[in-house]
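K.L.:
Okay, here's the prediction I keep looking at, along with the sequence it came from:
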Amino acid sequence: MLWKHRNGVVFNGSSPSLVVAVRLAREEALLWSLAGAKGVSFLQAQCRVG
C-alpha cells in the first residue's frame with residue numbers, strides 16, 4: 001500500500017499523507033483477513049494496541 005500511495009503521489013499528483021497511507025494499509029489488511037489470509041488478524045490487533 002505504501003508503494004501504491006507513492007505511485008499516486010508521483011504519477012497522479014496526489015498529496016503525500018501518512019494518515020492516508022496508514023488508512024489504506026489497514027483497509028487492505030481487513031480485506032485480506034476477510035478473504036481468509038492467515039496472520040493478518042494478528043497485524044490488525046497490533047495496530048489497535050499501538
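P.N.:
Thanks, I have it.

K.L.:
tell me which element Phe11 is part of?
P.N.:
helix 2-12 (DSSP states H and E).

K.L.:
and that helix, what does it pack onto?
P.N.:
helix 18-34 (3 or more C-beta pairs under 8 Å, 6 or more residues apart in numbering; DSSP states H and E). All C-beta spots, glycine's among them, are computed from the backbone N, C-alpha and C.

K.L.:
Show me what the helix it packs on packs onto, helices and strands only.
P.N.:
Against helix 18-34 (3+ C-beta pairs under 8 Å, 6+ apart) you get helix 2-12, helix 40-49.

K.L.:
where are the low-confidence patches of the protein?
P.N.:
For the chain, the stretches with pLDDT under 70 are 41-50.

K.L.:
show me the residues around the residue nearest the centre of the chain that make contact.
P.N.:
Ranked by distance to the mean C-alpha position of the chain (C-alpha atoms, centre = their mean), the top residue is Ala25 at 0.5 Å. Applying C-beta atoms under 8 Å, 6 or more residues apart in numbering to Ala25 gives the contacts Met1, Leu2.

K.L.:
Quickly note the distance from it to Gly13.
P.N.:
For Ala25, the distance to Gly13 equals 21 Å [C-beta to C-beta, to the nearest Å].

K.L.:
Lys4 and Leu24: what is the separation?
P.N.:
7 Å.

K.L.:
Those two - which one has more neighbours?
P.N.:
Leu24 (16 against 12; other C-beta atoms under 10 Å).

K.L.:
residues contacting the residue lying closest to that one once chain neighbours are set aside?
P.N.:
Nearest non-adjacent residue to Leu24, counting by C-beta to C-beta, 6 or more residues apart in numbering: Met1, 4.6 Å away. With contact set as C-beta under 8 Å, 6+ apart, Met1 has these partners: Ala21, Leu24, Ala25, Glu28.
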